[in-house]
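Asker: just a sequence and a predicted model for now, questions to come.
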Amino acid sequence: MTRTRKTAEERQQQIVQAVLDLLPTTPVESLSTTVIARQVGLTQAAIFRHYPTKNAIWAAVLNEIRKRARGSWDEALAGATTPLDRIRAVLAAQLTLITEFPAIPTLLFTSGRVEAEKDIRPVHLAVMRDLRVLLVAELGAVRAEGQVSQPASDQDCADLLMGLIQGTVLRWTLTGHGFDLVAEGRRLIDIQLSLFAKGNLR
């Protein structure tokens, strides 16, 4: 039986997926190209044929996370009708993505431990910016419908929601995934949205 030779693109995707699979259980500083090659079943030299530097691997991993995040948000938006429901759905989709790929918070909390940090930080910031822009737009739609009665700006409300998500993910990570991240996130999101609606911020 002859084996079908994988394309360069397929190999690159395989390498990225191997990193995502390894990150939850492998310290970032120990995630060498040798370890990645062993996971994929390639030689170290073969890894470098697809990604010339380790920094390029990190950049590819973060860009894959960004792509998957955008895809999950778009799917969530398509399945919701009201602005409030879209906010809930998008944030729940982000939490679901993190439970499926625990490597995401692992990468977020690696300050000073990744040689390619200067390359991957812009991708982190881009994901946060994308989510913030989306939330600000939906919060504006909520306000236009008269469902927000407090004076804080849509930008401030978006930052509060993002801080809530980040804090919950941090707590989930530090407790060793000791609770249902999506259920807890949904509960806290509903509380925060109710506070917006009640005008309790001063």
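Answerer: Perfect, thanks for sending it. Numbers count the residues shown, from 1 in each chain.
Asker: pLDDT score for K6?
Answerer: Looking at K6, its pLDDT is 81.
Asker: next: the one 10 residues further on.
Answerer: As summarised for this prediction, V16 has a pLDDT of 93.
Asker: in this structure it contacts L62, no?
Answerer: No. Taking contacts as CB atoms under 8 Å, V16 lies outside contact range of L62: 9.6 Å. No exception for glycine: its C-beta is placed from N, CA and C like everyone else's.
Asker: by mean pLDDT, point me to the weakest helix or strand of the protein.
Answerer: Taking mean pLDDT, DSSP states H and E as the measure, the chain has helix 103-108 as its least confident helix or strand, at a mean of 69.
Asker: what's the average pLDDT for the helix or strand following that one?
Answerer: Note on helix 103-108: by DSSP states H and E, the next helix or strand toward the C-terminus is helix 117-144. Averaged across helix 117-144, the pLDDT comes to 84.
Asker: list the buried residues for the helix or strand just after helix 117-144?
Answerer: Counting by DSSP H and E, the element after helix 117-144 in chain order, helix or strand, is helix 154-174. Residues of helix 154-174 classed as buried: D154, C157, A158, L160, L161, M162, L164, I165, T168, V169, W172, T173 (neighbour count, 16 or more other CB atoms under 10 Å).
Asker: what of stretch 26-38?
Answerer: Applying 16+ other CB under 10 Å to stretch 26-38 flags T26, V28, L31, T33, I36, A37 as buried.
Asker: for this structure, which spans come out with low pLDDT?
Answerer: 1-4, 106-120, 149-150, 198-202 (pLDDT under 70).
Asker: do that again at 50, thanks
Answerer: Applying pLDDT under 50 to the chain flags residues 1-2, 200-202.
Asker: hmm, back to that, just flag the most distant two among the buried residues of stretch 26-38.
Answerer: V28 and A37 (16.9 Å; CB to CB).
Asker: so which of the buried residues of stretch 26-38 sit within helices?
Answerer: T33, I36, A37 (DSSP state H).
Asker: you'd agree the last one is up against H50?
Answerer: No. Distance between A37 and H50: 10.6 Å, which falls outside the contact criterion (CB under 8 Å).
Asker: count the residues that sit near L131.
Answerer: L131: 20 surrounding residues under other CB atoms under 10 Å.
Asker: got a list of what it touches?
Answerer: By CB atoms under 8 Å, 6 or more residues apart in numbering, the contact set of L131 is A69, W73, V90, Q94, M162.
Asker: rerun that using 7 Å as the cut-off
Answerer: Applying CB atoms under 7 Å, 6 or more residues apart in numbering to L131 gives the contacts Q94, M162.
Asker: distance check, it against P27.
Answerer: Separation of L131 from P27 (CB to CB, to the nearest Å) stands at 27 Å.
Asker: pull out the buried residues from stretch 34-53.
Answerer: I36, A37, Q39, V40, L42, I47, F48, H50, Y51.
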